[in-house]
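Undergrad: The sequence and its predicted three-dimensional model are supplied below.
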Amino acid sequence: MLATTGLGIIRGERAVFTDIDLAVEPGEAVVLRGPNGAGKSTLLRILAGLLSPTVGRVTWDGAAIADDREAHGRRLRYAGHGDALKLALTAFDNLAFWARFEGTPVEAVDDALDRLGLGALGMLPAGVMSAGQKRRLGLARLALAPRPLWLLDEPTVSLDAASVDLLAGMIWDHRAAGGMVVVATHDGLSLPNARTFVLEKAA
Amino acid sequence: MSAFLALLRRDLRLAFAQGGSVGLVIGFFVIAATLFPLASGPERAELARVAPAVIWIGALLATLLSLDRLFQADLEDGSLDLLLVGGTPSSVVVLAKCLAHWLSTGLPLVLVSPLLGLLLGLDPVGIVMLVKTLLLGTPTLSLIGAVGAGLTVGVRRAGILIAVLILPLYVPVLIFGAGAVDLAALGLDTGPSLALLGAVLLVSLPVGTLGAAAALRLAVL
């Protein structure tokens, strides 16, 4: 279980947020909402261990993630604003790199591409793909190998309606298998039984 | 280990792919070294005397030229976050990137250097020593350079900043590297110079990887 206690962070001499207490149980989805600049991305980066909070702590099953960032890294998937693609490489090679980097089987790549409706585009360089296709290719990493915690930052940007449904389906399957999701989103990603967590803009 | 090899393979593929940096770096190295005789005149004995210095400084600048993309490209497309949060120690990530950088810039420079040595009238003994010193010295350039690249990742126009930060740290490599070639040309003992080049490499291996890893964590985390 992922939990935060009294989380707060100061960036550029401004408190982005304070006193965030958030707990995510297996199978649960939390949707982060709030105006621009409320700290949704910052919170996700803290949960990923990419950023250290000024006060408070993040724990996984009671143990602080700061004590073992590498172990925490192996149980999460983070999808940020960038798609983390190399435009000179094909869609397949992009995913195959991340599979090898994680030490998961490369055989999973074809399934992951199929899952996002990119099965026919595997040999296409990422550089010639549309923005929506690139985003889907970035999200295909989620389907490489199961990891318990997904942290998604605006995953629906530039996706069409069908792809948003596809993503919602993947998130549903992930939760059905006991996975957790924390997602920051503004628009129509509808997740059944998701808890909404509102971040207010700090004064 | 699989993460290390995967990253090494990917970076090498990208470096040698279309739009990669390998050809540019070698081109710069060759042009910089051939401009020198045009400026100083074709006096053969004079050229041979300054050849080690010219080639070493050319190698140094060519390495510097490629350093600003070392981590910048990964930062821009979001890969750097995933590399650092993927469960692999950040020093391993840095080491893989440094090795790929050396294989795609340092090693090609070493391979081209005999040609430039010939061009500048260096004798065979000098050319052999030139290759030896570059082989020992260029990995150090990549490792020390990685610290500068890590510190300036995310900074606009990082290239000039890296040069200002890193060039002073290249001084020992330059002194022992070019110096050994001079000594060889005079028929003197080059052992101490080579040993010192090796020592600098051994020191820069942990300092470069751990330093760059810490710098990246500061920049990204």
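TA: Arrived safely.

Undergrad: So which residues of chain A form helices?
TA: A:40-48, A:69-74, A:91-102, A:108-115, A:131-139, A:161-176 (DSSP state H).

Undergrad: so where's chain B shaky on pLDDT?
TA: B:19, B:221 (pLDDT under 70).

Undergrad: for the closest residue to chain B within chain A, what are its contacts?
TA: Residue of chain A nearest chain B, by Cβ to the nearest Cβ: A:G82 (2.0 Å). C-beta coordinates here come from the backbone N, C-alpha and C atoms, glycine included. Listed by Cβ atoms under 8 Å, 6 or more residues apart in numbering or on different chains, the contact partners of A:G82 are A:138, B:76-79, B:81.

Undergrad: Reformat the helices of chain A as TSV; add distance to chain B and mean pLDDT.
TA: TSV is the format used below for the helices of chain A (distance: least, Cβ to the nearest Cβ, whole Å; pLDDT from 0 to 100):
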stretch	distance to chain B	mean pLDDT
helix A:40-48	5	91
helix A:69-74	4	88
helix A:91-102	4	92
helix A:108-115	13	90
helix A:131-139	8	92
helix A:161-176	18	91
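
Undergrad: Output the ones you listed in JSON lines; the columns should cover mean neighbour count.
TA: Output for the helices of chain A, formatted as JSON lines (neighbours: other Cβ atoms under 10 Å in any protein chain shown):
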{"stretch": "helix A:40-48", "mean neighbour count": "24"}
{"stretch": "helix A:69-74", "mean neighbour count": "18"}
{"stretch": "helix A:91-102", "mean neighbour count": "23"}
{"stretch": "helix A:108-115", "mean neighbour count": "18"}
{"stretch": "helix A:131-139", "mean neighbour count": "21"}
{"stretch": "helix A:161-176", "mean neighbour count": "16"}
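
Undergrad: about what we covered before: ok, now how distant is the residue of chain A closest to chain B from B:I160?
TA: If you measure A:G82 against B:I160 using Cβ to Cβ, to the nearest Å, the figure is 25 Å.

Undergrad: Please identify the buried residues of stretch B:211-218?
TA: By neighbour count on 16 or more other Cβ atoms under 10 Å in any protein chain shown, the buried set for stretch B:211-218 is B:211-216.

Undergrad: and what of stretch A:182-199?
TA: In stretch A:182-199, counting by 16+ other Cβ under 10 Å, buried: A:182-185, A:189, A:191, A:194, A:197, A:199.

Undergrad: starting at the chain centroid, how far to that stretch?
TA: 13 Å (Cα atoms, centre = their mean, to the nearest Å).

Undergrad: who's in contact with it?
TA: Against stretch A:182-199 from outside (Cβ under 8 Å, 6+ apart): A:2, A:17, A:20, A:22, A:24, A:28-34, A:38-41, A:43-44, A:47, A:149-156, A:164, A:167-168, A:171-172, A:181.

Undergrad: What mean pLDDT does it get?
TA: The pLDDT scores in stretch A:182-199 average 84.

Undergrad: In this structure B:L120 contacts B:P37, no?
TA: Yes: counting by Cβ atoms under 8 Å, B:P37 is a contact partner of B:L120 at 6.8 Å.

Undergrad: Spell out which residues are contacts of both of the two.
TA: Joint contacts of B:L120 and B:P37 (Cβ under 8 Å, 6+ apart) are B:L47.

Undergrad: what about these two, which has more around it?
TA: B:L120 (23 against 19; other Cβ atoms under 10 Å in any protein chain shown).

Undergrad: What's the per-residue pLDDT of the residue nearest to A:A112 when sequence neighbours are not counted here?
TA: Nearest residue to A:A112, sequence neighbours excluded (Cβ to Cβ, 6 or more residues apart in numbering or on different chains): A:A143, at 3.9 Å. A:A143 is assigned a predicted lDDT (pLDDT) of 89.

Undergrad: so A:T156 touches A:L166, yeah?
TA: No: assessed by Cβ under 8 Å, A:T156 is found out of contact with A:L166, at 10.6 Å.

Undergrad: so what sits against both of these two?
TA: Shared contacts of A:T156 and A:L166, defined by Cβ under 8 Å, 6+ apart, are absent.

Undergrad: Just the buried positions in the helix or strand hosting B:A39, please.
TA: Applying DSSP states H and E as the criterion places B:A39 in helix B:22-40. By 16+ other Cβ under 10 Å, the buried positions in helix B:22-40 come out as B:22, B:25-26, B:28-30, B:32-33, B:36-37.

Undergrad: Distance from the biggest helix by length in chain B to the middle of the chain?
TA: Assignment by DSSP H gives helix B:191-220 as the longest helix of chain B. Chain-centre distance of helix B:191-220: 12 Å, with Cα atoms, centre = their mean.
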